[in-house]
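Student: fold the following and give me the result.
(2 chains)
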Protein chains: 2
Amino acid sequence: MVNGLGPGVEFDLIRRFLDDMPPLPDAVRVGAGDDAAVLRDGVVVSADLSVEDVHFRRGWLEPEDIGYRAGAAALSDLAAMAAEPVAVLAAVAFPPADVPAVAERVVRGLREAADAAGAALIGGDVSRSPGPMVLDVVVLGRTERPVLRSGVEPGDEIWVTGELGGAAAAVAALAAGQTPPVAAARLFRRPSPRIREALWLAEHAVLHALIDLSDGLAGDASHLSAASDVAITLAAADVPIHPDAAGDADAADGGLRLALGGGEDYELCMAAPPGSIQAVREAFTERFGLRLSRVGLARQGSGVSVLDSQGRVMDMHAFRHFEGAGGTG
Amino acid sequence: MVNGLGPGVEFDLIRRFLDDMPPLPDAVRVGAGDDAAVLRDGVVVSADLSVEDVHFRRGWLEPEDIGYRAGAAALSDLAAMAAEPVAVLAAVAFPPADVPAVAERVVRGLREAADAAGAALIGGDVSRSPGPMVLDVVVLGRTERPVLRSGVEPGDEIWVTGELGGAAAAVAALAAGQTPPVAAARLFRRPSPRIREALWLAEHAVLHALIDLSDGLAGDASHLSAASDVAITLAAADVPIHPDAAGDADAADGGLRLALGGGEDYELCMAAPPGSIQAVREAFTERFGLRLSRVGLARQGSGVSVLDSQGRVMDMHAFRHFEGAGGTG
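Tutor: As a prediction, the model looks like this:
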């Protein structure tokens, strides 16, 4: 989500209407409300919309980047289920002025993202748009054992991969008319869905729940909390903040707001029993060159709170700016 | 496709770019270029875009009908593969003024179409649109033996279900500011994807190839011809024309143009060895209350031609108006 352009409460109503399903048929194992749906035989499927001037701004990205980001965001939903990518479909609507040059570059970027994830682009649909460019990227994957949002247990540790807030730092710079720092710009333009990382962690550790960070850590922790009916407490001092977020001129909080509320990091957030991830932490970092950080704990209760370094509960309002912006069934 | 609003040549370029794939991975049996893609294990998937003012006009339809049509059009791609519907995902972008009332009605119509086909709505995505309403309906089905576009053999008969041109007659009336005939209006607002019919025919007859009529018989026969590398000859006198198309005031040709070029009938068109469909014709009609008509023949060669009642080749131009409008991988 691009700053301040996220769907509001009314759109959450529609989302709930989509989610408000009759009992699932036998052929469906997981329906709406998680990062992806899962069929009985382990086929995982998710759809992810990228709408111009809602999810991206044309002036901030090259056409290839628009396609790459749309693809990466969709593929990240497979990572969030610990599913192996199989195939991608792209339904794309372009304003006539984009055809053919811009459109071909967008599709090329989308194919690059699919290739990087080992997924084949196997079809889709193409239309003219009388308004914005619209991309719906449909991803198909496979898993024998999907890791859901709903499995967090009281006592679980909450962990994240990588560093947070980098993409949000790039967005903040672009919105201010500045050139974003190089590393942050790269994270924003070419996010890396953590697919191999999720598969590795699901194999080597005990994951009770998993989600990808598309709404910011505060928002996505809320999704875990709500789906699992537990309270989650995050320790601000333990949140791994990307250097470009920490160094942001406006970030008097050391980038905490960007890391907790910024979204679009596409890192993983998971719940695991105490010690399970610590035991594989070094091996993970050695293999993937990526940090693993314990950022919080789950306990009985509900909701998400953030504690400052003195253990005081912080005001969550600033961190929930983009709530409801991501997510797809 | 709504008259005259179809994508043009430039969009076909993009479509080809989407279709121009490297060799398929083992996990994929059928890639882009057919009505749907098929994974190795028989999972069938297709995405179908409905864009306001491209695929539909808001003033011509109730919100429920917009959703129903989008769902039915997508589900028809499963019929075209002789696949059993399993699930539907809906990625929907609404202008803020549509939220929540219009949006909820659209999604309700979409769910009705899914329910009617026995498919569960298992997720999707929701966004604001700064322009038109955009619906991407993703359908998942299953088949052990998909019937493709590419299996037509020289000597095959070409058959269609039902009567053609009814939906196009409704569109013609609406475009002229008139009230469409009741039956045609119903076909336009609430098309019936021929799913059970396709499954029955695949079981009881030998189908070499199958497609759904979304681009008009002339256009869809062209898809069969191109995919199978055969010539197809249609006999104008044998085309079953819907009474509301035949009775159209402007239809000096008895509705032939609407039937061949009109699109959106969502009837089935299939190729079968001589006699195969004739043998089950009565049983089919008794079961489904639907005609089966032999409309042409395949032979060695390429392209589609239409013969008039004197056996003369007719000018195809008038029948190809909407070429390239439909189709999805």
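
Student: A:Thr285 sits in which helix or strand?
Tutor: In the assignment (DSSP states H and E), A:Thr285 maps to helix A:281-288.

Student: would you mark the buried spots in that helix?
Tutor: Of all the residues in helix A:281-288, those buried under the rule 16 or more other Cβ atoms under 10 Å in any protein chain shown are A:Phe284, A:Phe288. All C-beta spots, glycine's among them, are computed from the backbone N, C-alpha and C.

Student: run through who's touching that helix.
Tutor: Contacts to helix A:281-288, defined as Cβ atoms under 8 Å, 6 or more residues apart in numbering or on different chains, come from residues A:Thr161, A:Arg196, A:Glu197, A:Trp200, A:Leu201, A:His204, A:Leu290, A:Arg291, A:Leu292.

Student: got the phi/psi numbers for the residue nearest to A:Val137 when sequence neighbours are not counted?
Tutor: What sits nearest to A:Val137 in space, not counting adjacent residues and going by Cβ to Cβ, 6 or more residues apart in numbering or on different chains, is A:Ala74, at 3.7 Å. A:Ala74 adopts backbone torsions of phi -70, psi -40, taken as degrees, to the nearest 10.

Student: just give the number of residues close to the residue lying closest to A:Glu264 once chain neighbours are set aside.
Tutor: Spatial nearest neighbour of A:Glu264, excluding adjacent residues (Cβ to Cβ, 6+ apart): A:Ala167 at 4.3 Å. Neighbour count for A:Ala167, taken as other Cβ atoms under 10 Å in any protein chain shown: 28.

Student: just say helix, strand or coil for A:Ala167.
Tutor: helix (DSSP: H, G, I helix; E, B strand; the rest coil).

Student: my guess is it meets A:Arg186, correct?
Tutor: No: A:Ala167 is beyond contact range of A:Arg186, at 9.4 Å (criterion: Cβ atoms under 8 Å).

Student: backbone phi and psi for the residue nearest the centre of chain A, please?
Tutor: The C-alpha lying nearest the average C-alpha coordinate of chain A belongs to A:Ser214 (Cα atoms, centre = their mean; 2.8 Å). For A:Ser214, the backbone dihedrals (degrees, to the nearest 10) come out as phi -110, psi -20.

Student: so it touches A:Asp220, yeah?
Tutor: Yes: contact criterion Cβ under 8 Å: A:Ser214 and A:Asp220 qualify, at 6.9 Å.

Student: ok, A:Val239 - how many residues close by?
Tutor: Count around A:Val239 with other Cβ under 10 Å applied: 22.

Student: and the pLDDT for it?
Tutor: The model reports A:Val239 with a pLDDT of 96.

Student: go on, the one 5 residues further on?
Tutor: Listed pLDDT for A:Asp244 reads 93.

Student: over to A:Pro7?
Tutor: On the pLDDT scale, A:Pro7 gets 42.

Student: now do stretch A:148-163, average pLDDT.
Tutor: Computed over stretch A:148-163, the average pLDDT equals 97.

Student: try stretch A:285-304
Tutor: Stretch A:285-304 shows a mean pLDDT of 97.

Student: please apply the same query to stretch A:129-145.
Tutor: pLDDT averaged over stretch A:129-145 gives 97.

Student: for that stretch, buried residues please.
Tutor: Here stretch A:129-145 shows A:129, A:131-143 as buried, counting by 16+ other Cβ under 10 Å.

Student: check what pLDDT the residue nearest to A:Val137 gets.
Tutor: Per-residue pLDDT puts A:Ala74 at 97.

Student: re earlier: determine which two of the buried residues of stretch A:129-145 are furthest apart.
Tutor: Using Cβ to Cβ, the buried residues of stretch A:129-145 span at most 36.6 Å, a distance reached by A:Gly131 and A:Thr143.

Student: state the number of residues packed around the residue nearest to A:Val134 when sequence neighbours are not counted.
Tutor: Leaving aside its chain neighbours, A:Val134 sits nearest to A:Ala93 (4.4 Å; criterion: Cβ to Cβ, 6+ apart). Number of residues near A:Ala93 (other Cβ under 10 Å) recorded here: 32.

Student: likewise A:Ala176?
Tutor: For A:Ala176, using other Cβ under 10 Å, the count is 11.

Student: residues in contact with A:Val206?
Tutor: Applying Cβ under 8 Å, 6+ apart, the residues near A:Val206 are A:Ala272, A:Pro273, A:Ser276.

Student: can you give me the helices for the stretch 151-300 of chain A?
Tutor: Taking DSSP state H, counting those that start in this stretch as the test, the helices found in the stretch 151-300 of chain A are A:166-175, A:182-189, A:195-204, A:217-228, A:243-246, A:256-261, A:281-288.
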